[in-house]
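Participant: Based on what follows, work out the 3D shape:
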Amino acid sequence: MPSYYDIDTILAEEELLVVKPSFDFSLLAHLDPDSSHLQRRSRKRPRGDDDDGIEKDHDDNDTADNSNGGLPEGTKIKMPLWAVERWALLGFIRFPSLPRHYGRKMKERLEADPVSVDLRSKNEHYFQTGMILVNLLLRASHVALRHSSASRRSRQSAAQNAHTIAMEQSAQQARMLQRCLLSTMMGRRLCRNFDWALSSLDSNGMEDDVSSHVNKLTELERNMFGRGVEASGAVGRWREFGCARMGISGVVLKMQQRNQQHSVQTAGAGKEEKPTKKRVVSPVGGEATRAF
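Facilitator: All right, here's what the predicted structure looks like:
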């Protein structure tokens, strides 16, 4: 799981998704940009005659939820990715379609020529947003299937069946998107990125113009490109100045000191004290040695 305070994750979750409520939401009409228009139309609607009562009631029912500040079931609204996670896991919403740059046409373009596609113009955190979206769809579909299997003994409503089917379709789209993202990120696009990074410095130390390539890269790919350029520069300096004697790493020195201290402590604990010997004169006149 990414860190809660990770800036890249926060920016990646700003992607807008099209969702549909699974039932009527009260006091959430402000999420629909057309709700204000419907409210004004319902307020300005003139009272009809008695002959038009049936038609008037039918029209009022369409805008009743909007006039009361409610969000009708099935209304398409756009919400950021970070705001729909809990609703999706609870089954309050469903995803009718993925964003356009994660759809079928975009997958076909990435499969045909992933190198020439400008992903940064679509989303600066294209791969991170896609993987977060895939994870959310798979989790939501798993929860929906678990609830449907638990309630098989009881009779399910048509709305529950429709929600389960919609989540299964979303799970299939998520798996296809996951395969497309992995093949794009780890395939020819990655190889071309490393080629540009390693060849950014020529033998004379002059930098090539890589702006046309870098402008198409996402933030993740730009980070990898920067690391590759640093490695390429380090290799160039090593070839120019030759290999000198390498110093001992600080980690190795600390390990050696710890091993020496441990060996000294072990030797001191296992060493027995030798008895001291003193020379004592016997009363007979001879000398004897006793251990004390």
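
Participant: any idea which helix or strand of this structure has the worst average confidence?
Facilitator: For the chain, using mean pLDDT, DSSP states H and E, the weakest element among its helices and strands is helix 53-62, scoring a mean of 46.

Participant: these two touch, right, residue 218 and residue 121?
Facilitator: No. Counting by C-beta atoms under 8 Å, residue 218 stays clear of residue 121, with 10.2 Å between them. In this view, the C-beta of every residue, glycine as well, is placed from N, C-alpha and C.

Participant: Show me where the chain has its strands.
Facilitator: 16-21, 77-80, 93-94, 277-281, 287-291 (DSSP state E).

Participant: List the strands paired with the third one, with their directions.
Facilitator: Spelled out, that is strand 93-94. strand 16-21 (antiparallel) (DSSP bridges).

Participant: Check which residues of the strand it pairs with are buried.
Facilitator: By neighbour count on 16 or more other C-beta atoms under 10 Å, the buried set for strand 16-21 is 17, 19, 20, 21.

Participant: Let me have those residues in JSON lines, extended by pLDDT and distance to residue 175.
Facilitator: Shown next, in JSON lines, are those (pLDDT from 0 to 100; distance: C-beta to C-beta, whole Å):
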{"residue": "17", "pLDDT": "93", "distance to residue 175": "18"}
{"residue": "19", "pLDDT": "91", "distance to residue 175": "20"}
{"residue": "20", "pLDDT": "89", "distance to residue 175": "21"}
{"residue": "21", "pLDDT": "88", "distance to residue 175": "25"}
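
Participant: List of residues touching stretch 93-102?
Facilitator: By C-beta atoms under 8 Å, 6 or more residues apart in numbering, the residues outside stretch 93-102 that reach it are 15-22, 76, 84, 87-88, 103, 106, 122-123, 126, 130, 133, 137, 163, 166-167, 170, 173, 177.

Participant: Domain map for this structure?
Facilitator: As recorded under automatic domain parsing, the domains making up the chain are 24-72, 189-240.
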